[in-house]
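Chemist: below is the sequence, then the predicted model.
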Amino acid sequence: MLFSKKVKFASYLLLLSLCLAVMCSCNNDGSTTDTDINSFINQYNLWSDPGLYQRKEYTDKFFLTKKRATKKLRKLLSPGCKISFEFSGGRIDFLTAGQFVRGLNRARFMTLTEQIILHGPVISEEDGRFLVTMTKAFRSGGLIEVADCELVIELSGNTLSISEIKRIFREPQTEEVAKVQAVGKSIPYNRRKGLGARYLGGGNFRWTYPSFSPNGRKIVFSSLRHNSSEIYMINVNGTGLLRLTKTKYWEVGPSFTPDGKSILFISDKDNYAGEPYLINTDGTNYRKLMPGYYGVSDAVYNPDGTYVAFTVQVGKARDIYVMKSNGSEIKRLTRTGRINSHLVFSPDGRTLYFRQKWYDRSKDPPRCIELYSINVDGTELRPLTHDREDKVPLGATEQYLLFVYDKELWWMARNGAKQECLVKGQGHASYDASKLLPNHRSVLFVDDREKSFIYNLYLKKLNGDGTIKQLTRCDEYCRSVPDVSPDGKHVVYIGEPKGQPRNGKGYLRIVDIDSGEIRTIGTNY
């Protein structure tokens, strides 16, 4: 222990001496060398890195604290340092040195961000000042931001300081995205930063998503039985349990592809925010759905399985793409500069419905969320709602679009007309887990309308007398997203025992819609 402390102290003195040498950054005769400038820039890139606290080599509690990192960066900036961030659309934010440092500290502790130097630094000298240009990428989950950076470094006495910082953010180029991905793969996997981070920190495991196969004979689900989330498949009678994934990564949210030959799921293998992957039903051929793209989500197949739609993070926006299910003919449908998500196909597969989110600073509050539709060939982008309130599309029939509006279940004509409340919110459910039955005549939803925090399954006909049928009467929690069998006769869900906190662990149950009979076929732990 004593030896360890001496080593830590020696390392601290060595790094401290390096920083002091860089801060002096000039020779005895007062001249400045290229080595001095490069060392100074390296220190700036280090202490201004929002992901600094994630780097293993700088996590020594004795050396690196919030106060120390802040002081190191402040010493590099002149008191009157001018800082500007320019964004797409022409908006420019001007910051003081104090605002810059405080904002950086918030970013360090609120997000998981990686900083990658893509190009530079390139140094030029003019009128006794040094102009430095470089290009940086910042990655947080599926979001990649690229900024062309300029620094103005001045020599005051024997000390270098930064008098101006300018960052111009822009859309990343294809080769820049590839470089960011390559750097990300070189970083050791840390499951506490990925999809399991919230669960391992005491959160609830809500990604089981049990799902029927297209022939209704098997069920796929994610399980925590091996200290991580893995994908399993089981027969509907509870036999033949098969583990499909055996990795250190978290695999969640599985469902069968329309042809029944593969499983679509989310993994944090290459991206801590999760990306869609596929695996064969025999556990072979673990592969990425979109190997050439980064920040992919919302993957959904059209009804006949010939096409798959998904969204891709582009700067701060998220745009919609479609491709053939064999990976060919990729086409970008939107260039809105907004966040598009929650994709839903029409029954004929010709139209996509989705949620679009953006911020309008002229409004109060500035957040806007509307429902839109677009043809799969990229034509006729149409707004369906105009009230700016929170809403999520859930499913579409030949006539109606089902959606969540203000924590209630609503429906409307597919052209946006005749909006009506279908199920009024009485409990604590948000209805995001609602499912249309295959015949498109009824909707299944999860609610705690009978007793607070005791969730059960309910069914309501779309063209009925308003009667709501309660399918389960279990004194348990039913918070996973349920699924309906292809013949519309059964529902599979995860039931968590009441009074036994299991962090999302529960029983895999199948309920008969007509009789209400419930069978337990396994567990997800």
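Modeler: Here it is on my side, so go on.
Chemist: just confirm residue 309 is within a helix.
Modeler: No - counting by DSSP: H, G, I helix; E, B strand; the rest coil, residue 309 is located in no helix; its state is strand.
Chemist: ok, it to residue 352 distance?
Modeler: Between residue 309 and residue 352 the distance is 6 Å, computed by CB to CB, to the nearest Å. In this view, the C-beta of every residue, glycine as well, is placed from N, C-alpha and C.
Chemist: one more: residue 149?
Modeler: Separation of residue 149 from residue 352 (CB to CB): 38 Å.
Chemist: cool, residue 121 as well?
Modeler: Taken as CB to CB, the span from residue 121 to residue 352 is 44 Å.
Chemist: who has more neighbours, these two?
Modeler: The residue with the greater number of neighbours, taking residue 121 and residue 352 and applying other CB atoms under 10 Å, is residue 352; the counts read 26 against 17.
Chemist: tell me the secondary structure at that one.
Modeler: State at residue 352, reduced to three classes by three-state DSSP: strand.
Chemist: report pLDDT for it.
Modeler: According to the prediction, residue 352 has pLDDT 97.
Chemist: also residue 109?
Modeler: Reading off the per-residue confidence, residue 109 sits at a pLDDT of 55.
Chemist: offset the numbering so it begins at 13, please.
Modeler: Fine by me, first position is 13 from now on; the one you just mentioned is residue 121.
Chemist: how about the helix or strand where residue 330 lies: buried residues?
Modeler: When secondary structure is defined by DSSP states H and E, residue 330 falls within strand 329-336. The neighbour-count check on strand 329-336 (16 or more other CB atoms under 10 Å) flags 329, 330, 331, 332, 333, 334, 335 as buried.
Chemist: of those residues, just say which sits nearest to residue 309.
Modeler: Minimum distance to residue 309 across those is 7.7 Å, recorded for residue 330 (CB to CB).
Chemist: ok, the residue nearest in space to the middle of the chain to residue 328 distance?
Modeler: Central residue check for the chain by CA atoms, centre = their mean: the C-alpha nearest the mean position is that of residue 285, 4.2 Å away. Counting by CB to CB, the gap between residue 285 and residue 328 amounts to 14 Å.
Chemist: ok, which stretches of the stretch 63-212 of the chain are strands?
Modeler: 89-98, 104-107, 126-138, 141-152, 155-168, 171-182 (DSSP state E, counting those that start in this stretch).
Chemist: show me the contact partners of the first one.
Modeler: Right, strand 89-98. Strand 89-98 has contacts (CB atoms under 8 Å, 6 or more residues apart in numbering) with 104-109, 111-113, 159, 166, 168, 173-181.
Chemist: what mean pLDDT does that strand get?
Modeler: Looking at strand 89-98 alone, the average pLDDT works out to 93.
Chemist: do the same with the longest one
Modeler: Per-region confidence: strand 155-168 scores 89 on mean pLDDT.
Chemist: what helices and strands are in contact with it?
Modeler: Strand 155-168 is packed against helix 46-59, strand 89-98, strand 126-138, strand 141-152, strand 171-182, helix 186-197, with contacts defined by 3 or more CB pairs under 8 Å, 6 or more residues apart in numbering; DSSP states H and E.
Chemist: in its sheet, what does it sit against?
Modeler: Strand 155-168 pairs in its sheet with strand 141-152 (antiparallel), strand 171-182 (antiparallel), by DSSP bridges.
Chemist: how far is that strand from where the chain is centred?
Modeler: On the basis of CA atoms, centre = their mean, to the nearest Å, strand 155-168 sits 27 Å off its chain's mean C-alpha point.
Chemist: cool, and the shortest one?
Modeler: Average the C-alpha atoms of strand 104-107, do the same for its chain, and the two points are 27 Å apart (CA atoms, centre = their mean).
Chemist: picking up where we left off before, which stretch among the helices and strands packed on strand 155-168 approaches residue 347 most closely?
Modeler: Comparing the helices and strands packed on strand 155-168 by CB to CB, strand 171-182 comes nearest, at 14.7 Å.
Chemist: kind regards, and thank you for your time.
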